[in-house]
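Undergrad: Kindly return the folded structure for what I paste below:
(one chain, ligands or ions: 1)
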Amino acid sequence: MPLRIAIIGCGKIADAHVAQIGRIPGCKIVGACDREELMVRQLADRFQIDAEFTDADELLRRAKPDVVHITTPPRSHYPLARRCLEAGCHVYVEKPVTLHAAEAEELVAIAMRCQRQLTVGHDAQFSHAALLLRRLIDANTLGGPPVHMESHYGYDLGGVFGNALLGDKQHWVRSLPGKLLQNVISHGIAHISEHLVGDSVDVMARGFISPELERAGEDEIVDELRVLICDRNATTAYFTFSSRIRPHMHQFRIYGPKQGLILDEDQQTVIRLRGTRHKSFAHHFASPVQLAQQYLGNVLRNAGLFLRSDFHVDSGKKHLIERFYASLTGGPPPIPYREIVLSARIMDAIFAQVHDIPTGKAPEPAAMLGNR
Ligand SMILES: NC(=O)c1ccc[n+]([C@@H]2O[C@H](COP(=O)([O-])OP(=O)(O)OC[C@H]3O[C@@H](n4cnc5c(N)ncnc54)[C@H](O)[C@@H]3O)[C@@H](O)[C@H]2O)c1
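TA: Model prediction:
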């Protein structure tokens with residue numbers, strides 16, 4: 001019997017879900033739903049999905065899915081996920097998991113009560129390179145618990161989505177509590193949450209509207225953000241979100257007591273940073289050569305994946321979906337619930353601080369003290 005999958009929300013990201021589900025054996029998409037009839041029709045036509053719905057309850061009743069992927073805008077994530085879990089379905093909800101951390105906590109509690117699995121679309125943690133990074137960390141490459149992390153998330157406001165957002169004062173992203181940041185920063189924050197200890201952390205955030213956006217007449221989209229995070233073990237992290245810094249990097253650096261590692265999501269590379277120096281002048285020559293060797297190793301690994309047709313932009317989504325489906329027979333969820341909630345709490349703390357400081361003016365010192 002194939003696993004019965006349904007999709008709610010047939011917009012841009014739904015395509016990637018349907019395409020990746022199609023790469024996983026033993027699955028069948030039994031229904032698609034969008035409150036806009038045209039949207040569900042175009043997805044169903046292009047991917048040969050037989051059952052179309054404009055009402056989520058009807059989809060649940062008639063298509064009887066085992067798993068529902070919720071690919072709607074964030075405001076509907078909580079109510080839809082709740083309905084699906086309570087109807088007995090496992091739920092993959094796109095990021096950001098919910099509007100507020102309290103809703104994320106409730107969803108986790110509902111999933112546990114209903115004995116259904118829940119995951120969130122933090123797929124950047126499951127790209128080929130991110131999985132390699134995790135394997136290296138699990139093998140104690142850092143030489144102990146992480147000391148510090150740096151997560152950098154660049155954003156191109158000149159892209160299709162940026163243009164759509166800036167040109168539309170009614171865009172749904174503007175109605176989110178954290179606006180653009182809420183729709184975009186989850187991937188970069190999730191990299192950090194994975195390695196923090198405990199359920200709550202200190203967060204200090206400073207956000208502002210870039211001078212370029214202000215000059216263009218923008219008065220609510222914060223496109224520059226700097227965050228400092230610290231957990232109870234004194235593991236610290238910097239998070240940077242920027243539309244101005246070039247290149248638009250998506251990088252995660254993690255440093256331990258012995259060595260460091262750099263994950264570059266765009267290049268799909270993982271580089272080890274030696275914790276010790278070569279003697280004297282050798283450091284200036286041997287270190288760059290070793291880095292060059294590592295980059296070459298990454299090129300060869302990526303080329304091998306490419307030749308096996310396993311190197312595509314949405315590999316992370318496929319790996320996350322595969323792991324999620326594998327967990328449905330009783331294994332642990334691919335993203336621990338503690339981590340899902342912690343990411344949501346960090347984001348809440350960021351938005352609470354940033355929205356008091358909507359422009360590029362320096363914040364009062366009190367606003368920099370952060371909150372828990
Ligand atoms: N994982 C990623 O990298 C990634 C990338 C892009 C978007 N996303 C996330 O995916 C979600 C959707 O983004 P998008 O760009 O596809 O949005 P979109 O606006 O293109 O599509 C959303 C669709 O959902 C439908 N919809 C809204 N509310 C609904 C409801 N209650 N019931 C049924 N249908 C409903 C809309 O009619 C629309 O067709 C967002 O949360 C976004 O952050 C994730």
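
Undergrad: Now do the strands for the protein: every range, in order, please.
TA: 3-8, 27-33, 52-53, 67-70, 90-93, 118-120, 148-154, 202-208, 224-230, 236-242, 250-255, 260-264, 269-273 (DSSP state E).

Undergrad: Export those as CSV, with columns for distance to the ligand.
TA: All C-beta atoms are positioned from the backbone trio N, CA, C, and that covers glycine. Formatted as CSV, those follow (distance: least, CB to the nearest ligand atom, whole Å):
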stretch, distance to the ligand
strand 3-8, 5
strand 27-33, 6
strand 52-53, 9
strand 67-70, 8
strand 90-93, 8
strand 118-120, 9
strand 148-154, 11
strand 202-208, 18
strand 224-230, 17
strand 236-242, 14
strand 250-255, 11
strand 260-264, 16
strand 269-273, 20
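
Undergrad: Roughly how far does the residue most central in space within the chain sit from residue 353?
TA: Nearest to the mean C-alpha position of the chain, by CA atoms, centre = their mean, lies residue 187 at 2.7 Å. Applying CB to CB, to the nearest Å, the value for residue 187 to residue 353 is 20 Å.

Undergrad: Report pLDDT for residue 357.
TA: Residue-level confidence at residue 357 comes out at 41, pLDDT.

Undergrad: What of the one 4 residues further on?
TA: The pLDDT attached to residue 361 in the predicted structure is 48.

Undergrad: cool, and residue 340?
TA: Note for residue 340: predicted pLDDT of 98.

Undergrad: again, but for residue 368
TA: 37.

Undergrad: Could you do residue 198 as well?
TA: Note on residue 198: pLDDT of 93.

Undergrad: Is residue 272 bridged to anything, and to what?
TA: Using DSSP bridges, the bridge partners assigned to residue 272 are residue 261.

Undergrad: Now do the same for the residue in the stretch 101-250 of the chain that the ligand sits nearest to: its pLDDT.
TA: Residue of the stretch 101-250 of the chain nearest the ligand, by CB to the nearest ligand atom: residue 121 (4.1 Å). pLDDT for residue 121: 98.

Undergrad: Quick check: it touching residue 316?
TA: No - counting by CB atoms under 8 Å, residue 121 sits too far from residue 316 to count as a contact (9.4 Å).

Undergrad: tell me the contacts of residue 191?
TA: 124, 125, 130, 149, 151, 252, 263 (CB atoms under 8 Å, 6 or more residues apart in numbering).

Undergrad: one more time with 10 Å, if that's ok
TA: 122, 124-125, 130, 133, 149-153, 237, 239, 250-254, 263, 265, 343 (CB atoms under 10 Å, 6 or more residues apart in numbering).

Undergrad: Mutual contacts of residue 121 and residue 316, please.
TA: Common neighbours of residue 121 and residue 316, using CB under 10 Å, 6+ apart, are residue 187.

Undergrad: Lowest-scoring secondary structure element of this protein by mean pLDDT?
TA: The helix or strand of the chain with the poorest confidence is helix 160-166; it has a mean of 90 (mean pLDDT, DSSP states H and E).

Undergrad: and the stretch 51-200 of the chain, which of its residues are near the ligand?
TA: 56, 71, 72, 73, 74, 76, 80, 94, 95, 121, 123, 183 (CB under 6 Å from any ligand atom).

Undergrad: and the two most separated of those?
TA: The most widely separated members of those are 56 and 123, with 22.8 Å between them, by CB to CB.

Undergrad: nearest spatial neighbour of whatever residue of the stretch 1-150 of the chain ends up closest to the ligand, skipping sequence neighbours?
TA: Closest residue of the stretch 1-150 of the chain to the ligand, CB to the nearest ligand atom: residue 11 (1.7 Å). Leaving aside its chain neighbours, residue 11 sits nearest to residue 39 (6.4 Å; criterion: CB to CB, 6 or more residues apart in numbering).

Undergrad: repeat for residue 337
TA: Sequence neighbours aside, residue 108 is the residue nearest to residue 337 in space, at 4.5 Å (criterion: CB to CB, 6+ apart).

Undergrad: how many neighbours does residue 113 have?
TA: When neighbours are defined as other CB atoms under 10 Å, residue 113 has 10 of them.

Undergrad: What of residue 31?
TA: For residue 31, using other CB under 10 Å, the count is 24.

Undergrad: how about it, what does it touch?
TA: By CB under 10 Å, 6+ apart, the contact set of residue 31 is 4-8, 40, 44, 49-53, 58-60, 62-65, 68.

Undergrad: Quick check: chain neighbours aside, which residue is closest to the closest residue to the ligand within the stretch 201-350 of the chain?
TA: Residue nearest to the ligand within the stretch 201-350 of the chain (CB to the nearest ligand atom): residue 317, separated by 6.7 Å. Once flanking residues are discounted, residue 317 sits nearest to residue 123: 4.3 Å by CB to CB, 6+ apart.

Undergrad: quick one on the thing from earlier: can you say which of the contacts of residue 31 are buried?
TA: Among these, those classed as buried by neighbour count (16 or more other CB atoms under 10 Å) are 4-8, 40, 44, 49, 51-53, 59-60, 63, 65, 68.

Undergrad: of these, closest to residue 17?
TA: Nearest to residue 17 among the buried ones among the contacts of residue 31: residue 7, at 6.1 Å, using CB to CB.

Undergrad: which stretches of the stretch 51-200 of the chain form helices?
TA: Under the criterion DSSP state H, counting those that start in this stretch, the stretch 51-200 of the chain contains helices at 56-63, 77-86, 101-113, 128-138, 160-166, 179-184, 186-193.

Undergrad: Confidence-wise, which of these is weakest overall?
TA: helix 160-166 (a mean of 90).

Undergrad: helices or strands up against that helix?
TA: helix 12-21, helix 179-184 (3 or more CB pairs under 10 Å, 6 or more residues apart in numbering; DSSP states H and E).

Undergrad: Indicate which one of these is closest to residue 306.
TA: For the helices and strands packed on helix 160-166, the distance to residue 306 is smallest for helix 12-21, at 17.2 Å, taking CB to CB.
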